[in-house]
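A.B. asks: Here is my input, please return the structure:
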Amino acid sequence: MPPPSLQLQSVLEAFGRQGWQCEVVEGREVVETGFEAHHTHVHLLAQVFPELNALAVVGETPVHIEAGHQPAALELLMRANKQLTLGAFEYDLDRGQLVFRITNLFERERFDADIVSSMVHCTIAETDRLAPLIVHLARTPADELHDLSLPLLLDREDLLPPLPGGEEEEL
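C.D. replies: Next up, the predicted model:
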């Protein structure tokens with residue numbers, strides 16, 4: 001097996017600087033780990049594309065959505081994507097996974113550790129932000145779905161995770 005690319009080495013160094021435990025997927029330029037967020041567990045993959053000098057970070061969390069709820073759930077994701085500047089949500093219908101994906105092209109073979117860390121933080125935060133909303137939608141009785149306002153659901157702040165260093169943490 002060839003040695004890891006400089007790009008993968010720089011991702012491993014960035015994870016190490018943050019104290020994040022991870023494993024390299026054998027035979028691939030992929031790092032795998034998991035994070036306990038405020039609302040959910042986020043399974044995270046960071047895949048390096050050396051020929052492009054690119055890094056894709058993907059966070060997943062399981063969410064079962066009944067077939068009758070899927071159109072509303074997919075609309076919720078579409079509406080959430082419209083609000084994003086970086087990254088995008090997906091729903092893997094086959095595996096029942098809420099997915100957030102962010103990709104960056106780097107100028108150098110050694111990726112900037114701060115950018116790598118920011119991509120991971122963004123993936124965790126966005127997955128954790130949307131997970132309770134999509135679970136709320138999935139638990140809404142089918143006969144009440146037509147009354148559920150997706151724009152208002154996305155605007156709910158009571159389900160947002162607390163901000164690091166916010167008042168809740170200081171108390």
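A.B. asks: Please count neighbours and contacts with C-alpha atoms only from this point.
C.D. replies: Will do.
A.B. asks: Extract the residue ranges of the protein that are flagged as low pLDDT.
C.D. replies: Low-confidence segments of the chain (pLDDT under 70): 1, 164-171.
A.B. asks: please redo it, this time with the cut-off set to 90
C.D. replies: Applying pLDDT under 90 to the chain flags residues 1-4, 157-171.
A.B. asks: Contact partners for the residue of the chain positioned farthest from its centre?
C.D. replies: Going by C-alpha atoms, centre = their mean, the residue of the chain most distant from its centre is D143, 30.3 Å out. Residues counted as contacts of D143 (C-alpha atoms under 8 Å, 6 or more residues apart in numbering): none.
A.B. asks: For it, which three-state class applies?
C.D. replies: Look at D143: counting by DSSP: H, G, I helix; E, B strand; the rest coil, its state is helix.
A.B. asks: Which helix in this structure has the most residues?
C.D. replies: Ranked by residue count and defined by DSSP state H, the top helix of the chain is helix 113-139.
A.B. asks: Give me the helices and strands touching that one, please.
C.D. replies: helix 6-18, strand 41-49, strand 54-62, helix 70-83, strand 97-105 (3 or more C-alpha pairs under 8 Å, 6 or more residues apart in numbering; DSSP states H and E).
A.B. asks: mind listing what L86 touches?
C.D. replies: Here L86 is in contact with I102 (criterion: C-alpha under 8 Å, 6+ apart).
A.B. asks: Distance of it relative to R108?
C.D. replies: Distance, L86 to R108, by C-alpha to C-alpha, to the nearest Å: 21 Å.
A.B. asks: export the helices and strands packed on helix 113-139 to JSON lines and tack on distance to R129 and mean neighbour count?
C.D. replies: JSON lines is the format used below for the helices and strands packed on helix 113-139 (distance: least, C-alpha to C-alpha, whole Å; neighbours: other C-alpha atoms under 10 Å):
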{"stretch": "helix 6-18", "distance to R129": "22", "mean neighbour count": "18"}
{"stretch": "strand 41-49", "distance to R129": "11", "mean neighbour count": "21"}
{"stretch": "strand 54-62", "distance to R129": "12", "mean neighbour count": "22"}
{"stretch": "helix 70-83", "distance to R129": "10", "mean neighbour count": "16"}
{"stretch": "strand 97-105", "distance to R129": "11", "mean neighbour count": "20"}
